[in-house]
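# kindly generate the corresponding structure for this input.
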Amino acid sequence: MKKFPKIKLLLTNGKEFESSKIKNSIVLFFYPKALTGGCSLEVADFQNYLNKFKKLGYDLIGASKDSVERNIKFSDKYKLKYPLGSDVDQDIDKLGIWIEKSMYGKKYFGINRSTFIIDKNRKILKQWNKVKVKGHAEEVYNFCKDIN
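Sure thing, here's the model as predicted:
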């Protein structure tokens with residue numbers, strides 16, 4: 001199993017997430033842009049599973065390259081009870097999820113919607129890339145439940 005690289009995120013709860021200081025297993029999901037349709041569905045779906053993840057011993061964090069201020073608005077709008085992280089140091093480039101995309105013929109770089117299950121020793125237990133939002137939170141929960 002691969003080790004999760006050292007990254008730092010500024011969280012909406014005023015704290016910092018440092019992967020080198022993980023204490024619990026974590027569900028860490030990355031979404032392309034706060035306050036957009038698919039991302040709104042994703043954070044709400046994960047919110048619905050929050051207590052189930054906690055019962056299994058997992059912390060839940062969502063993250064993007066959005067500013068802390070934008071993520072706070074996003075969190076407040078959906079009354080999230082878990083933190084969202086902002087990648088202000090461009091650390092997620094280490095994860096291979098910052099990719100070239102194309103929309104209406106225009107090329108740009110953005111986050112490949114991805115989820116990581118990381119244990120307290122920073123081992124990646126599972127990684128999903130090119131995530132389809134519908135049913136994903138349930139799929140992640142079922143994986144966590146099965147390995148517990």
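
# enumerate every residue touching Asn13.
Pro83 (Cβ atoms under 8 Å, 6 or more residues apart in numbering). No exception for glycine: its C-beta is placed from N, CA and C like everyone else's.

# oops, could you answer that again for Tyr141 instead?
Contacts of Tyr141 (Cβ under 8 Å, 6+ apart): 49, 52-53, 56.

# Ala63 is in what secondary structure piece?
In this structure, Ala63 sits in strand 58-64 according to DSSP states H and E.

# that strand: how far from the chain's middle?
Distance, stretch centre to chain centre, for strand 58-64: 5 Å (Cα atoms, centre = their mean, to the nearest Å).

# in the next helix or strand after that strand, what's buried?
With elements assigned by DSSP H and E, the helix or strand that comes after strand 58-64 is helix 68-77. By 16 or more other Cβ atoms under 10 Å, the buried positions in helix 68-77 come out as 68, 70-72, 74-75.

# helices or strands next to helix 68-77 in the packing?
helix 37-56, strand 84-86 (3 or more Cβ pairs under 8 Å, 6 or more residues apart in numbering; DSSP states H and E).

# give me the residues contacting the very next helix or strand once past the shortest one.
If I follow you right, that is strand 84-86. As assigned by DSSP H and E, the chain's next helix or strand after strand 84-86 is strand 98-103. The contact list for strand 98-103, computed with Cβ under 8 Å, 6+ apart, reads 92, 107-112.

# only whichever of those residues are buried, select them in PyMOL.
Here the buried members of these are turned into a PyMOL selection, burial being counted by 16+ other Cβ under 10 Å:
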select buried, resi 92+111+112
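
# now render the contacts of strand 98-103 as a markdown table, adding pLDDT, secondary structure and distance to Lys120.
Formatted as a markdown table, these follow (pLDDT from 0 to 100; DSSP: H, G, I helix; E, B strand; the rest coil; distance: Cβ to Cβ, whole Å):
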| residue | pLDDT | secondary structure | distance to Lys120 |
| --- | --- | --- | --- |
| Ile92 | 84 | helix | 21 |
| Lys107 | 91 | strand | 39 |
| Tyr108 | 84 | strand | 36 |
| Phe109 | 85 | strand | 32 |
| Gly110 | 84 | strand | 30 |
| Ile111 | 87 | strand | 25 |
| Asn112 | 91 | coil | 26 |
